[in-house]
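>>> quick check, what structure comes out for this input:
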Amino acid sequence: MMNNIFDINYNHTGNSKSTNELGMREMQSRVFEKRNSQHLLVKAPPASGKSRALMFIGLDKLINQGIKKVIVAVPERSIGASFKDTDLISGGFYSNWKVEPRNNLTTPGGDKSKVQGFLRFMSSNEKILVCTHATLRFAFEQVEDSMFDDCLLAIDEFHHVSADVNSRLGELLRSVLRNSTCHIVAMTGSYFRGDSVPILEPQDEELFDKVTYTYYEQLDGYEYLKSFGIGYHFYQGKYLSAIDEVLDTNKKTIIHIPNVNSVESTKEKEMEVDHILDLIGVVDQIDPKTGILYVKRGSDGKVLKIADLVKVEGRDRVVDYLRNVTELDDVDIIIALGMAKEGFDWPYCEHALTIGYRGSLTEIVQIIGRCTRDSFNKSHAQFTNLIAQPDAKDDEVTFTVNTMLKAISSSLLMEQVLTPDFKFKTRKSSTDINKIGELYIKGFKEPSTQNTRKIIENDLNDLKAAIFQDTQIQKAMINRDVDPTVINKLLIPKVIQEKYPTLTDEEVEEVRQNVVADNALKSSVREITGSKEFIRMADKFVNVEDLSIDLIDSINPFQQAYEVISKELNAPTLRLIQESIDAKRFEFDEGELKYIWPKVEEFFYENGRAPDAKSNNHIEKRMGEAVIYMRNLKRSRMND
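Next comes the predicted model:
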C-alpha cells in the first residue's frame, strides 16, 4: 500500500485549453502581451503551449518589429518537431509558421554540416531556422556577436543554460546579451537546476521581462484531469522485488528504471527490463516493423503493447513509433532509462513510476509532465517514486537517509508548484474580508520595496527550490526535535539571504513571511462550518480570521510529510533515520553560520551573555549550539 504525500484536486474549467480570437490559449495570450519586450523569460509547464507561443512572438517580431531572423534552439533533435510548419491563420492569427526544410537542422546529420547550414542561413535572406543547442554553440564559435543584431534568438528548455563560467551555452548567452542588439526569448517548463549554479547572473536576469504561467493554472484549466498525486513506496534489497507492489498494468504507465551508475541499479539494465516484463507476463511477439513488444498479461491473458526504450538495438524504430502514437490502444507501458522525459508527449499516460531519487528538480518536473497531459481516458494522474529504505545492516545508511530526505523535499516542492498561489495582506481590522486566492494575516509584513515585490510575484517557487535543496532544511523535515520556529525563523531566512545577498534585514523578513505563510497554507486542509472558514494547520483547525504570522511561525511546515512517512516506514526505520540525523546534531553549514553569527553577537550585546544551548527558547537554543560548534571547531583547528 502506498501513501501519497499529497493529492491535489482541480476544477477542470477548460480555461487553459480554450483559445481567443487569435487562436491563442490563455498562456500564449499572456506571453503575446509582452511581444515588444527585447528580452523575455517564459516560465510555463509542459503541454502549456510554449512552442506555439514562440511562433506567435517570432512572427510578430518579423512582421511588425523589424526583426530580420528568428533562430530557435532546442536541446535535442526530437524536440525540433515541436516547431514544424504550423497553420495559425485558420485559428485567427495573421500569418502561418513555416520552416524551410533546409533550415530545420534537427534532422539527422553530422555537426559539421549543421554548422555550415547555420552559417549559410545567417548570411542569407531567409527568416526562420530551428537547430539544437549544440549546433548553436558550435556555430557561435565562427561568428561575431554582431551577426545576431536585429535577430530573435529563442532558447527552448532554458534550464540547460548555466551562469557557470564553464557553461558554453551560458557564455554564448552572456556574450549576445552584452554585445549585440539581439532579442531573446527564453522558455522553460522548470526554472530549477539540480545543482546550486544559477541559470542567469543577477545583473543579466534583470534584463528580462518575465511571464509566469503556473502548473496549477495549467492543470486547473484542463477538461478531464481532476486530481494529481505524488507518493512514495520504500523497499529494502533490490527494487525488482518491490516494483510489482506499485505497478498497475491497467494504467498507461511510463517506468523510468534507475541510472546504471546509481546505487539502485543492478548495473544490468537490460536484465532489469526482462525482469519487469516477466512480472507482467510472457512476451508473445515483437513487431519487426515497430519494435513494440506484445506481452500476454499473466493475470488474464490480455495482450499489452510495451515500448522498450532501454535496449539500444532497434530503439530508433520504437522512438519513431512513439512519435506517431495517436490512439489510446497504440501503447500501454513504456520502459525507459534516460529517454521519455523532456519534450516527450504521450497524453494518455496516467502513471509515472520512477525508481530511485532523481538529483535534478528539473528532471522530476519533466517526468511529472509526462503524466499531467489532459486526456479523455483519465481523471487522475499519479507520480510514484520507488526508493530505497534505510537499513541498519547497510554500510550506506547515511547516504540512503540523505537520498530519502532529498526525495521528500522534491515532493514538497512539487506540492508548492502544483497548488494555487495566495496573496497575503495585513489584517488591520475585523472588517477585512478574505477573497478567493487572498488571505488576511495578523502581524503580516506586506512587501514594501520593489525588490521584495519582484521576488514574491515572480520568483517564489525558485526561492522555494533553493530552500528545499538546503541540507539543514532537509534534515529538519523528518527530525521532530527541531522546533518549527528554528525552521521558520533561522533556516529559511538563511537561504533567502544567501540567494538574495543585497536584501536588507527588513526585506529578508518580508520575503520570509511570504514563504512560510505560502508553505503552511498550501499544505492546509480547509473546512466550512456555517458562515466561518477554518484551516487545518498541523493538528488543529484555525478560524481564518484568527490567522497570525506568530501562529504560522509556530507550526512545523513539514508535519504532513512526517505523518505520511510514519505510515510508510516502521518504527525501527524511523528510529534509524533519527539516529542518523542526531549523529550530527550540532552540524552547521557555512551558510547558516554566516547568517546566525551576527544574531549571536547581537544576543550577547543585548543580554551580556552567550546564548544557552539548553534554553527553552528554541531560537536561543540553536544560537547556543552554534557557539558550541564554533568552540569545537576552533579547538580542533588549534590541535591540528
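>>> ramachandran coordinates for His351?
phi -140, psi 120 (degrees, to the nearest 10).
>>> ok now stretch 623-640, how far from the chain's centre?
Centroid separation for stretch 623-640 versus its chain: 38 Å, with CA atoms, centre = their mean, to the nearest Å.
>>> check stretch 438-446 too.
Here stretch 438-446 is found 28 Å from its chain centre; the criterion is CA atoms, centre = their mean.
>>> if I look at the nearest residue to Thr290 once chain neighbours are set aside, how far off is Glu272?
Leaving aside its chain neighbours, Thr290 sits nearest to Tyr321 (4.1 Å; criterion: CB to CB, 6 or more residues apart in numbering). For every residue, glycine as well, the C-beta is placed using N, CA and C. For Tyr321, the distance to Glu272 equals 22 Å [CB to CB, to the nearest Å].
>>> since we're on Ile255, how many residues are nearby?
Taking other CB atoms under 10 Å as the criterion, the count of residues near Ile255 is 26.
>>> check the one 10 residues further on too.
The number of residues packed around Ser265, counting by other CB under 10 Å, is 18.
>>> same thing with the one 4 residues further on?
By the other CB under 10 Å criterion, the neighbourhood of Lys269 contains 18 residues.
>>> pretty sure it contacts Val260?
Yes - using CB atoms under 8 Å, Lys269 is in contact with Val260, at 5.7 Å.
>>> neighbour count: Tyr321 and Glu272, which is higher?
Neighbour tally, Tyr321 and Glu272, criterion other CB under 10 Å: the higher count belongs to Glu272, 25 against 18.
>>> where does Ile306 fall, secondary structure wise?
Under the criterion of DSSP states H and E, Ile306 resides in strand 303-308.
>>> residue contacts, the residue nearest to Leu88 when sequence neighbours are not counted?
The shortest distance from Leu88 to any non-neighbouring residue, by CB to CB, 6+ apart, is to Asn96 (5.3 Å). For Asn96, the contacting residues are Asp85, Thr86, Asp87, Leu88, Ile89, by CB atoms under 8 Å, 6 or more residues apart in numbering.
>>> same check on Leu309?
Shown in contact with Leu309 (CB under 8 Å, 6+ apart): Arg315, Val318, Val319, Ile334, Ile335, Ala336, Leu337, Met339, Ala340.
>>> next one: Gly298
Listed by CB under 8 Å, 6+ apart, the contact partners of Gly298 are Ile280, Gly281, Val282.
>>> against Val211, how distant is the second one?
Translated: Gly281. Distance, Gly281 to Val211, by CB to CB: 47 Å.
>>> more neighbours: which of these two?
Shown here are Gly281 and Val211; by other CB under 10 Å, Val211 has more neighbours (22 against 19).
>>> quick check, that one in a helix?
No - using DSSP: H, G, I helix; E, B strand; the rest coil, the assignment for Val211 is strand, not a helix.
>>> contact partners of stretch 284-291?
292-296, 303, 307-308, 314-315, 317-318, 320-321.
>>> now with 10 Å, please.
Applying CB atoms under 10 Å, 6 or more residues apart in numbering, the external contacts of stretch 284-291 come out as 292-296, 301, 303-309, 311, 313-322, 324, 330-331.
>>> quickly list what Gln382 is bridged to.
With DSSP bridges applied, Gln382 shows beta-bridge pairing to Gly229, His351.
>>> neighbours of it, how many?
Neighbourhood size, Gln382 [other CB under 10 Å]: 24.
>>> before we move on, what about Val542?
Burial of Val542 is recorded as 18 neighbouring residues (other CB under 10 Å).
>>> got a list of what it touches?
When contacts are counted by CB under 10 Å, 6+ apart, Val542 touches Ser524, Glu533, Phe534, Ile535, Arg536, Ser548, Leu551, Ile552, Ile555.
>>> mind putting the residues you listed in a markdown table, distance to Asp149 and pLDDT included?
Shown next, in a markdown table, are those (distance: CB to CB, whole Å; pLDDT from 0 to 100):
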| residue | distance to Asp149 | pLDDT |
| --- | --- | --- |
| Ser524 | 52 | 66 |
| Glu533 | 56 | 72 |
| Phe534 | 59 | 71 |
| Ile535 | 54 | 75 |
| Arg536 | 57 | 71 |
| Ser548 | 55 | 89 |
| Leu551 | 56 | 88 |
| Ile552 | 51 | 87 |
| Ile555 | 54 | 83 |
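>>> could I get those residues in TSV, plus columns for neighbour count and secondary structure?
Shown next, in TSV, are those (neighbours: other CB atoms under 10 Å; DSSP: H, G, I helix; E, B strand; the rest coil):
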residue	neighbour count	secondary structure
Ser524	18	coil
Glu533	16	strand
Phe534	18	strand
Ile535	18	strand
Arg536	14	strand
Ser548	14	strand
Leu551	16	helix
Ile552	25	helix
Ile555	22	coil
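>>> returning to that earlier point: out of the contacts of Asn96, which are buried?
Among the contacts of Asn96, the ones that count as buried by 16 or more other CB atoms under 10 Å are Thr86, Leu88.
>>> closest to Met147 among the contacts of Asn96?
Of all these, Asp85 has the smallest distance to Met147: 25.7 Å, by CB to CB.
>>> separation between the closest residue to that closest one other than its chain neighbours and Ile71?
The shortest distance from Asp85 to any non-neighbouring residue, by CB to CB, 6+ apart, is to Lys98 (5.1 Å). Going from Lys98 to Ile71 by CB to CB gives 15 Å.
>>> helices and strands around the strand holding Ile306, which ones?
Other helices and strands packing on strand 303-308, by 3 or more CB pairs under 10 Å, 6 or more residues apart in numbering; DSSP states H and E, are strand 253-256, helix 269-280, strand 281-286, strand 293-297, helix 315-323, strand 333-336.
>>> partners of the last one, with directions?
If I follow you right, that is strand 333-336. Here, using DSSP bridges, strand 333-336 pairs with strand 253-256 (parallel), strand 303-308 (parallel).
>>> please identify the deepest-packed of these.
Of the strands paired with strand 333-336, the one with the most neighbours on average (mean count of other CB atoms under 10 Å) is strand 253-256, at a mean of 25.
>>> sketch out the low-pLDDT regions of the stretch 101-250 of the chain for me.
Applying pLDDT under 70 to the stretch 101-250 of the chain picks out residues 160-167, 190-202.
>>> in it, which spans are strands?
128-132, 151-155, 183-188, 209-212, 227-235 (DSSP state E, counting those that start in this stretch).
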